[in-house]
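# fold the following for me, if possible:
(chains A and B)
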Number of protein chains: 2
Amino acid sequence: MKYEKKILDILQNTLGNKRCGLHEPIFAGNEKNYLNDCINSTFVSSVGKYVDKFEKELAVYTGAKRAIAVSNGTSALQISLKLAGVDEGDEVLVPSLTFVGTVNAILYLGAIPHFIDSEEETFGADPKSLISWLKKSTELTSQGCINRKTGRRIKGLVPVHIFGHPCKLDDLLSIANDYNLVVVEDAAEGLGSFYYGKHVGTFGKLGILSFNGNKVITTGGGGAILTNDEALADQAKHLTTTAKVPHKWKYIHDTIGYNFRMPNLNAALGLAQLEQLDNFILSKRKLYDFYEKEFKKFKHVRLIKEPKGCKSNYWLQTILLNKSIFNKKDIILEFINNHNFMVRPSWTLIHKLLPYKKFPRAPIKTSLSLEKRIINLPSSADLI
Amino acid sequence: MKYEKKILDILQNTLGNKRCGLHEPIFAGNEKNYLNDCINSTFVSSVGKYVDKFEKELAVYTGAKRAIAVSNGTSALQISLKLAGVDEGDEVLVPSLTFVGTVNAILYLGAIPHFIDSEEETFGADPKSLISWLKKSTELTSQGCINRKTGRRIKGLVPVHIFGHPCKLDDLLSIANDYNLVVVEDAAEGLGSFYYGKHVGTFGKLGILSFNGNKVITTGGGGAILTNDEALADQAKHLTTTAKVPHKWKYIHDTIGYNFRMPNLNAALGLAQLEQLDNFILSKRKLYDFYEKEFKKFKHVRLIKEPKGCKSNYWLQTILLNKSIFNKKDIILEFINNHNFMVRPSWTLIHKLLPYKKFPRAPIKTSLSLEKRIINLPSSADLI
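Numbering: from 1, shown residues only, chains lettered A, B, ... in the order given. Below you'll find the model as predicted:
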């Protein structure tokens, strides 16, 4: 039997014959109540009780001291990097295997992405190749970690928790410590994922979440900044709300701020969704078990399991084509997408995209292999 | 009788004794229906029929060929300026008397605001002082209009329609033409305002609207780009949606884009609001008539009327203290705000705020006087 037909069989055995999107939101809780309450109260915009509640509940859930709700994950990362001290002209280490927003957030600050390789277990930044690259290509000075080739300071490292799986945080934090790099975690895909019992996005100086429509929970569009530093949290709130100094009527802005607020309307949706998060994740983890049972009969692919010591939200269920069949990826994608199941490949590696080719990079090898072999499967929480 | 007591009397005569905010939204139409429909359809995020409908209806209402819904007015202006050709290091002429977002949008592009004065009839940029400043301080070369002092190109002019009153567009467009400046209109406050029969925001190469919670209609948070140029509209849509090239599954981004989408949820609210816009404006214009009747008995202030040839949305009703009493502004604000009516002064002139002091500016005189004398009055559409 052809590979694509075999994979279709597995999906049909697992999911039945209904049409399945990649990741669709589920609104089975207080969504309509809270939205109607916003309308009744007339508070739909930049202030309101749902923003406060959503922020508070996000902090409780993630264990971060503070959460600041903003317009999306990209803006959350932009502000977090700024608050972490990334300046114009600094370089920031970032995996090439990520959503483009991770990299754009760096560029919006006038900083420069410096691409690094990922590894095959978690799809996150590879500590081994990173350390050998830093040894070889940088110098630690009183100014920080300097890229010998460009002469620029490498200020930060952005670990990304790909498809909801925590990356190798211990090793990456240790490298960051040795090389004087500030860590800002991109946990856009990681709400509900834990690394040795601690929620992702709470390990770095700051971390971010996304609530885009395709995420584990959604606010329509939205994101959040997580931090354990109260002063940074206050600054994050200030910077994302036009840096207006509180006053009954005066308009004083004490720095160049941003309009990155999450409207109360969107926070209302988010709060209703957050109340259901545990159930969503339970279902998504159960879906993994179903896929696992089926895929273990098919030796040409590996279903991606949560890393050791981690509890993943299984945002996107993923198979990795074995090297024996990676040249079949496009055939498989075409065939399965034409048969009621939405599947997709990894993002194109960012360093290969025309506007990003010119930026510095470490040797990228494993990511190139992963890019050829990753396929995300239908992953919504209500599929089984 | 003291001035502040006299103004309070006028407000009470006009509005009664109820507590009145400055500008509160009214949800008397299809808001709940459309929001519930979003939830039922599961389309709350970056695509959906309400985004398409809202954009289409905005274009119909304003007469612009195209409208692109985005996350807010500031992001709309940032993208519009970029598409108008404003590059890093360019200067952009902008009134100092405006909301800080107007100026920040310029700065996000690495461009430099060049502050100009406003005039007393419309509170918009003053053509007379602008032309004499350009004559004196710039040189027209093959590179465009060059600021003699800084050596930088002055690329654009951002007219702002303050409090919803169209500024002196004919004169400003003519100056822009003479000095090779691209015009991007900040009509954040101007939805429903017309200059000689044509909607504001449709005169420049691009224009922008805002739907923040305090505007004539609201989407919670949101804005729109208006343009008559189909190619620019397509680019605006592309740039504000991460510059992803359409493909069934591939992730190709052909330029450095932005995540400035308006979620479908917010567009649903916007569409319901837009359906009521004509009524809102009718009420707001009627409110002006009521204020006019009362304020004409009080010679120490001037109630601001729509400019000649214009139909204003009267977003914020405004009185201008006569020079005889401008030193009473803070006393009046304090007293009235303590008596159930929310009133506010003009924004602090942007060129006076610490982070903006260093940027170039024309002589600013009238704006300084206006800043001391402007008071905005309760202006919601349901006050009378």
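
# which positions in the stretch 1-150 of chain A make contact with chain B?
A:24-27, A:31-32, A:35-36, A:39, A:42-46, A:71-75, A:99-101, A:104, A:107-108, A:110 (Cβ under 8 Å from any Cβ of the partner chain). (Each C-beta comes from the backbone N, C-alpha and C, glycine too.)

# so who does the closest residue to chain B within the stretch 201-350 of chain A touch?
Chain B sits closest to A:G213 of the stretch 201-350 of chain A, with a gap of 2.3 Å, by Cβ to the nearest Cβ. The contact partners of A:G213, by Cβ atoms under 8 Å, 6 or more residues apart in numbering or on different chains, come to A:P25, A:G220, A:G221, B:F43, B:V44, B:S45, B:S46, B:P263.

# and the last one, how far from chain A?
Using Cβ to the nearest Cβ, to the nearest Å, we find B:P263 at a distance of 3 Å from chain A.

# any idea which element the residue lying closest to that residue once chain neighbours are set aside lies in?
Of all residues beyond its chain neighbours, the one nearest B:P263 is A:G220 (3.3 Å), with distances taken as Cβ to Cβ, 6 or more residues apart in numbering or on different chains. Assignment of secondary structure by DSSP states H and E places A:G220 within no helix or strand.

# wait, A:G220 touches A:A267, no?
No - counting by Cβ atoms under 8 Å, A:G220 does not reach A:A267; the two are 10.0 Å apart.

# before we move on, the earlier item: please pick the buried ones from the residues of the stretch 1-150 of chain A next to chain B.
A:24-27, A:31-32, A:35-36, A:39, A:42-46, A:71-75, A:99-101, A:104, A:107-108 (16 or more other Cβ atoms under 10 Å in any protein chain shown).

# cross those against strands and list the overlap.
Among those, none falls in strands (DSSP state E).

# quick one, strands of the stretch 251-384 of chain A?
According to DSSP state E, counting those that start in this stretch, the stretch 251-384 of chain A carries its strands in the segments A:301-303, A:310-311, A:318-321, A:344-345, A:374-376.

# what residues does the residue nearest to B:P263 make contact with?
A:F211, A:G213, A:N266, A:L269, B:V44, B:S45, B:P263, B:N264, B:L265, B:N266.

# kindly report the same for A:F298.
Neighbouring residues of A:F298 by Cβ under 8 Å, 6+ apart: A:K6, A:I7, A:I10.

# where does whichever residue of the stretch 51-200 of chain A sits closest to chain B land on pLDDT?
At 4.5 Å from chain B, A:T74 is the closest residue in the stretch 51-200 of chain A, using Cβ to the nearest Cβ. Note for A:T74: predicted pLDDT of 98.

# who touches the nearest residue to it once chain neighbours are set aside in this structure?
Once flanking residues are discounted, A:T74 sits nearest to A:G101: 3.9 Å by Cβ to Cβ, 6+ apart. Counting by Cβ under 8 Å, 6+ apart, A:G101 touches A:N72, A:G73, A:T74, A:L77, A:A188, B:T242, B:N259.
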